[in-house]
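Trainee: Sequence and computational prediction follow.
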Amino acid sequence: MDVFQTIATRRSIRSYRDLPVEPEKIEQILEAARWSPSANNRQDWKFIVIQNKTTIEQMIDVCRGQTFIAQAPVLLVACSLRPDSLMTCGHPRGTVDLSIAMTSMLLQAWSLGLGTCWLGAFSQEGVKKLLKIPEAVSVVAITPLGYPKVIPGPPARKPLDTIVCHETYSEQTDPQ
């Protein structure tokens with residue numbers, strides 16, 4: 001599968017088969033994160049791999065009751081080690097860096113036949129307490145990881161000419 005095909009066909013998976021994920025596939029997914037770009041190549045991140053079923057089930061409460069995550073044999077948690085560090089543009093370095101790394105992991109997972117679902121609905125403090133994450137560290141994203149049971153159809157996408165401007169920002173765009 002080429003990169004664009006991986007991007008265009010990837011779906012958020014909320015139903016997983018009862019199959020383990022091979023350790024070598026987990027490693028390939030983590031390698032995708034490791035090779036992702038980060039501001040000044042700082043790589044100020046940690047990734048927690050959760051495979052303990054009891055811990056995964058406990059994560060439901062801190063992930064706003066999203067019970068489908070317990071179907072997945074693996075949860076990946078992306079943490080920023082320096083959440084207060086800002087890029088010169090003003091955006092939090094860790095959020096940007098981990099968004100890139102998570103995207104790399106999600107696409108790598110999909111290319112290996114695995115499903116994911118980027119979770120943003122979770123209790124920062126609850127996850128930190130459950131996983132013993134230090135207060136100074138920020139949880140940026142979580143994803144279940146496993147073999148999809150159901151793959152939804154493609155979501156609607158806005159036409160390219162409604163989301164792209166040329167040369168300057170405009171409310172309405174004209175294809176050129």
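Mentor: Everything's here; your move.
Trainee: gap between the closest residue to Pro155 other than its chain neighbours and Met102?
Mentor: Closest residue to Pro155 apart from its sequence neighbours, by C-beta to C-beta, 6 or more residues apart in numbering: Arg11 at 8.0 Å. All C-beta atoms are positioned from the backbone trio N, CA, C, and that covers glycine. Between Arg11 and Met102 the computed distance is 16 Å (C-beta to C-beta, to the nearest Å).
Trainee: Quick one: the strands in the chain, in order.
Mentor: Assigned strands in the chain, in chain order: 45-50, 74-80, 115-116, 138-146 (criterion: DSSP state E).
Trainee: Redo the ones you listed as a markdown table? Include mean pLDDT and distance to Thr88.
Mentor: Shown next, in a markdown table, are the strands of the chain (pLDDT from 0 to 100; distance: least, C-beta to C-beta, whole Å):
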| stretch | mean pLDDT | distance to Thr88 |
| --- | --- | --- |
| strand 45-50 | 98 | 20 |
| strand 74-80 | 98 | 17 |
| strand 115-116 | 98 | 31 |
| strand 138-146 | 98 | 20 |
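Trainee: Mean neighbour count, the ones you listed: which tops it?
Mentor: strand 115-116 (a mean of 26; mean count of other C-beta atoms under 10 Å).
Trainee: measure the most centrally placed residue in the chain to Ile69 for me?
Mentor: With distances taken as C-alpha atoms, centre = their mean, Met102 lies nearest the centre of the chain, 3.9 Å away. Separation of Met102 from Ile69 (C-beta to C-beta) stands at 15 Å.
Trainee: Val164 too?
Mentor: Distance of Val164 to Ile69, computed by C-beta to C-beta: 35 Å.
Trainee: Which of the two has more residues huddled nearby?
Mentor: Taking other C-beta atoms under 10 Å, Val164 and Ile69 do not tie; Ile69 has more neighbours (24 against 11).
Trainee: Return the residues in contact with the closest residue to the more buried one other than its chain neighbours.
Mentor: Counting by C-beta to C-beta, 6+ apart, Pro144 is the residue found nearest to Ile69 once chain neighbours are left out, at 4.6 Å. The contact partners of Pro144, by C-beta atoms under 8 Å, 6 or more residues apart in numbering, come to 13, 16, 68-69, 71-72, 74-75, 115-117, 119.
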